[in-house]
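# Whatever this is, show me its structure:
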Amino acid sequence: MQSQGVVGSDQAEVGQDWWFALPVPVNKSSKEIEITGVSLVDIPKGIKVVEYGAYSRDDTEGLALLVLEGEPHMPDLNRLENHIKEPVVVPARQESDIYYLAHLKITAPPDQSARYCKFQYVQGGKQYTQTLDCEVDLRTKKTA
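The predicted structure follows:
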C-alpha cells in the first residue's frame, strides 16, 4: 500500500513537474468526516510544491500515483473537476472517491525524499489533524 511504501523515480530532471498522489482518504469511524486541507510536511530543498488538487478516481481512470506532467498516460487535470476548494466528505466506514495530488516542481537535485502527508478534517463539529507516512523520492540522474 502506498501509505506504507515509497514511490519515486531516479530519472527526474531539474525543471520537470510531477504529480504525486497522497494516500486515499479512508474513514474507519462511525461518523462522516469533511476533509478541509492536505499538505506534504517534509519537503526537501530542490522540490517545490506548486499546488494541490483533489480529483475523482473515476475522472482520472484510477489512481494517478506518480506521473510526470505531459506523459501520455497522465490524466488531463486541466479538463477535470478539481475539488480542492471545497471540503471533501467521506461517509462513515468508506473510502473516498476523491483523492489528493501534490504538484511538485524539481528546482534543483533533491538530496532526500518528500515525506509525511497531513490531512485536516472536521468530524462532529471538531477539527482534527492526522499525519500519515507517505513518501515520494524524486532523484535526478546525478543524485540517483
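# quick one, what contacts Val136?
Taking C-beta atoms under 8 Å, 6 or more residues apart in numbering, we find Val136 in contact with 6-8, 18, 20, 66, 102, 104, 113-115. C-beta here means a position set from N, CA and C on the backbone, and glycine is covered the same way.
# one more time with 6 Å, if that's ok
7-8, 20, 114 (C-beta atoms under 6 Å, 6 or more residues apart in numbering).
# The one helix or strand it maps to pairs with which strands, and in what direction?
Element membership of Val136, judged by DSSP states H and E, is strand 126-140. Using DSSP bridges, strand 126-140 pairs in its sheet with strand 6-12 (parallel), strand 114-123 (antiparallel).
# Point out where this structure drops to low pLDDT.
The model of the chain has pLDDT under 70 over residues 1-5, 142-144.
# which stretches of it form helices?
Along the chain, no segments are classed as helices by DSSP state H.
# any chance you could map the strands in it?
Counting by DSSP state E, one finds strands in the chain at the ranges 6-12, 17-21, 26-27, 33-42, 47-56, 66-68, 88-90, 94-95, 98-106, 114-123, 126-140.
# Figure out which of the ones you listed is closest to Leu80.
Ranking these by proximity to Leu80 (C-beta to C-beta) places strand 47-56 first, at 5.6 Å.
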